[in-house]
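A.B. asks: The sequence isn't on hand, but the structure is:
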């Protein structure tokens, strides 16, 4: 993997770059649609490529490990071939499931014992077998195994968890370095900064992660319920330490406002289920503001969903029709709304990149935030 910076904003830490993988180049800043089990919910891959213009998608190690299982994925030649996606892909490590499955897991130095949410079967994730698992899945970028701490979190717990994540990272790097990719293309390991919302812990973790000298770095344990101001404060602290010449990935973030503010702090990569999850529930993100399409006010609004959208369906279908689909509980409604939202997110990061290169990002961000966060 190669990363090259191509532009910086004069009045913030925002940067534009190009991240090169064996499955293609990614222009940063970038948003990655979440394809948890090898599919972005309600979105066909043709739409991901042609309507949404996705450059990279994300898969989830925990879910793919359970279904369809590693034997199937390896027989298929890896996740790319299994799902028919020939662009870059990233997999998380399952660390977030350590956080989210609190009633179904036990964390020890060895790793995490957990029960499947599907059938109750018991499994063990260790730093070593998570590396092996992600080798078999075959994503271009794979994540180190970590513990994502909850919010709020007592400092002593956050400190102990951070140190364990660092010890796990050493085991991940060792296993990664002594194994090879299985499908004829390179994979890159990203370590993850932890430390909850404690400045001294975040600094310590960022320094440790930077010292491992991997080709990219991630920031975890944010967007888990903390106020946005604390998220931004932690991101700023970490970005001051992580090397400038390597991509920075803020995991699980977030709202359009979160994305713009974190781009301004020096983040390059994002992922979040919000565009598709909110779309399935009738919330639309547009360049004019936020729409709850279920509201009666849209019942006889025959203007198109978003005339400025890059997605054809949003320039073709009306708000009234989309509201009708939701009122009728027709699945097509959630599909169109999800396409709209992902298209908007892609526009947002693409336009941010354009403004960074042009030297106008700071002023554009201030104006854009007021518009896209208003409720219509």
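C.D. replies: Now that the structure is in, tell me what you want to look at. As the structure is a prediction and not an experimental result, all values here were calculated from the model. Numbering: from 1, shown residues only.
A.B. asks: Give me the secondary structure label for the residue nearest to residue 295 when sequence neighbours are not counted.
C.D. replies: Nearest non-adjacent residue to residue 295, counting by Cβ to Cβ, 6 or more residues apart in numbering: residue 323, 7.8 Å away. Yep, even glycine has a C-beta here, placed from its N, CA and C like the rest. Here residue 323 is helix, with the state taken from DSSP: H, G, I helix; E, B strand; the rest coil.
A.B. asks: any idea how far residue 323 lies from residue 300?
C.D. replies: 9 Å (Cβ to Cβ, to the nearest Å).
A.B. asks: care to break the protein down by domain?
C.D. replies: Under the assignment automatic domain parsing, the domains of the chain span 2-271, 273-376.
A.B. asks: Return the residues in contact with residue 20.
C.D. replies: By Cβ atoms under 8 Å, 6 or more residues apart in numbering, the residues touching residue 20 are 1-4, 26.
A.B. asks: can these go into a markdown table with extra columns for pLDDT?
C.D. replies: Output for the contacts of residue 20, formatted as a markdown table (pLDDT from 0 to 100):
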| residue | pLDDT |
| --- | --- |
| 1 | 96 |
| 2 | 98 |
| 3 | 98 |
| 4 | 98 |
| 26 | 98 |
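A.B. asks: Can you select the buried ones from those in PyMOL?
C.D. replies: In PyMOL, a selection of the buried entries from these looks like this (16 or more other Cβ atoms under 10 Å):
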select buried, resi 1+3+26
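A.B. asks: List the ones among the contacts of residue 20 that fall in helices.
C.D. replies: With helices defined by DSSP state H, no entry of those lies inside them.
A.B. asks: what bits of the stretch 1-150 of the chain have low per-residue confidence?
C.D. replies: Applying pLDDT under 70 to the stretch 1-150 of the chain picks out residues 98-99.
A.B. asks: can you do 80?
C.D. replies: Flagging of the stretch 1-150 of the chain using pLDDT under 80 yields the residue ranges 95-103.
A.B. asks: so where do the strands sit in it?
C.D. replies: Secondary structure of the stretch 1-150 of the chain (DSSP state E, counting those that start in this stretch): strands at 2-8, 15-21, 24-28, 30-32, 57-60, 89-92, 105-107, 112-115, 122-125, 141-143.
A.B. asks: do the stretch 251-376 of the chain as well
C.D. replies: Here the stretch 251-376 of the chain has its strands, by DSSP E, counting those that start in this stretch, at 269-271, 283-285, 290-292.
A.B. asks: Including distance to residue 57 and mean neighbour count, could these go into CSV?
C.D. replies: Supplementary listing: these in CSV, determined by distance: least, Cβ to Cβ, whole Å; neighbours: other Cβ atoms under 10 Å:
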stretch, distance to residue 57, mean neighbour count
strand 269-271, 9, 24
strand 283-285, 19, 23
strand 290-292, 24, 19
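A.B. asks: Can you tell me which of the strands of the stretch 1-150 of the chain is nearest to residue 246?
C.D. replies: Across those, residue 246 has its closest neighbour in strand 2-8 (6.0 Å, Cβ to Cβ).
A.B. asks: which sections of the stretch 201-350 of the chain are below the confidence cut-off?
C.D. replies: In the stretch 201-350 of the chain, no residues with pLDDT under 80.
A.B. asks: if we can go back for a sec, which one's more surrounded, residue 323 and residue 300?
C.D. replies: Counted by other Cβ atoms under 10 Å, residue 323 and residue 300 do not tie: residue 323 has more neighbours, with 23 against 10.
A.B. asks: coming back round to it: Throw the strands of the stretch 1-150 of the chain into TSV and include distance to residue 369, thanks.
C.D. replies: Shown next, in TSV, are those (distance: least, Cβ to Cβ, whole Å):
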stretch	distance to residue 369
strand 2-8	20
strand 15-21	19
strand 24-28	20
strand 30-32	16
strand 57-60	25
strand 89-92	27
strand 105-107	38
strand 112-115	39
strand 122-125	39
strand 141-143	29
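A.B. asks: so which of those strands comes closest to residue 40?
C.D. replies: Among those, the nearest to residue 40 by Cβ to Cβ is strand 57-60 (6.3 Å).
A.B. asks: Centre-most residue in the chain?
C.D. replies: The residue lying closest to the centre of the chain (Cα atoms, centre = their mean) is residue 271, at 1.7 Å.
A.B. asks: List the contacts of residue 274.
C.D. replies: Contacts of residue 274 (Cβ under 8 Å, 6+ apart): 254-255, 341.
A.B. asks: Could you export these as a markdown table, including distance to residue 109 and neighbour count?
C.D. replies: Converted to a markdown table, the contacts of residue 274 look like this (distance: Cβ to Cβ, whole Å; neighbours: other Cβ atoms under 10 Å):
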| residue | distance to residue 109 | neighbour count |
| --- | --- | --- |
| 254 | 32 | 19 |
| 255 | 36 | 18 |
| 341 | 41 | 26 |
